[in-house]
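got a predicted model here, sequence first, then my questions.
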Amino acid sequence: MSNTLKQIMRLNAQGLCCSQILMTMALDANEDENPQLVDAMRGLCKGLGTGGYTCGVLLGAVCILSMMDPRLAEQELIPRLTDWFEATFTDQYGGTQCAHILADNPMNKCERCPQIMVQTYKKCRALLEEHGMRI
């Protein structure tokens, strides 16, 4: 089990959801804390609340990129991330909405979401490292 996956599991055990987990990991990597931001990120989980819309992992990752460099994120990083996310997960799960990924099976949250978080966090790190930033 990778260190990233261990950290995800630990944060999940504390009651954090996908978007909150990604943001907490990014804040921790920068030795920063922002409890209000982490609390606000809960609204992005489960596809915007409980709507099953856009995956909360993708939304959380977009917020991380924007937090690091808003202009660069908007112009380059977010389009690259979303293209990658769609190419990586659409074929596998039939789409990138939370409802597609979970497919009405609660066990999919335990099986699929942690792996999606690991891959997406790594992608964010790679995108940021290309521009001399680290999380």
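Structure received.

please enumerate the helices of the chain.
3-13, 18-29, 35-41, 45-48, 56-68, 70-72, 78-93, 98-102, 107-111, 113-129 (DSSP state H).

out of those helices, nearest to residue 135?
Taking Cβ to Cβ as the criterion, helix 18-29 is the member of the helices of the chain that comes nearest to residue 135, at 4.4 Å. Quick note: C-beta positions are derived from backbone N, CA and C, even for glycine.

re earlier: the helices of the chain: lowest mean pLDDT?
Within these, the least confident segment by mean pLDDT turns out to be helix 45-48, at a mean of 83.

reformat the helices of the chain as JSON lines; add distance to residue 135.
As requested, the helices of the chain are exported to JSON lines (distance: least, Cβ to Cβ, whole Å):
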{"stretch": "helix 3-13", "distance to residue 135": "11"}
{"stretch": "helix 18-29", "distance to residue 135": "4"}
{"stretch": "helix 35-41", "distance to residue 135": "14"}
{"stretch": "helix 45-48", "distance to residue 135": "20"}
{"stretch": "helix 56-68", "distance to residue 135": "7"}
{"stretch": "helix 70-72", "distance to residue 135": "14"}
{"stretch": "helix 78-93", "distance to residue 135": "13"}
{"stretch": "helix 98-102", "distance to residue 135": "23"}
{"stretch": "helix 107-111", "distance to residue 135": "24"}
{"stretch": "helix 113-129", "distance to residue 135": "6"}
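
any chance of TSV for those helices, columns mean neighbour count?
Shown next, in TSV, are the helices of the chain (neighbours: other Cβ atoms under 10 Å):
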stretch	mean neighbour count
helix 3-13	15
helix 18-29	23
helix 35-41	14
helix 45-48	20
helix 56-68	23
helix 70-72	12
helix 78-93	15
helix 98-102	21
helix 107-111	12
helix 113-129	19
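
quick one: contacts for the residue minimising distance to the centre of the chain?
A centroid search over the chain (Cα atoms, centre = their mean) returns residue 57, at 3.0 Å, as the residue closest to the centre. Residue 57 makes contact with 18, 19, 22, 113, 116, 117, 120, according to Cβ atoms under 8 Å, 6 or more residues apart in numbering.
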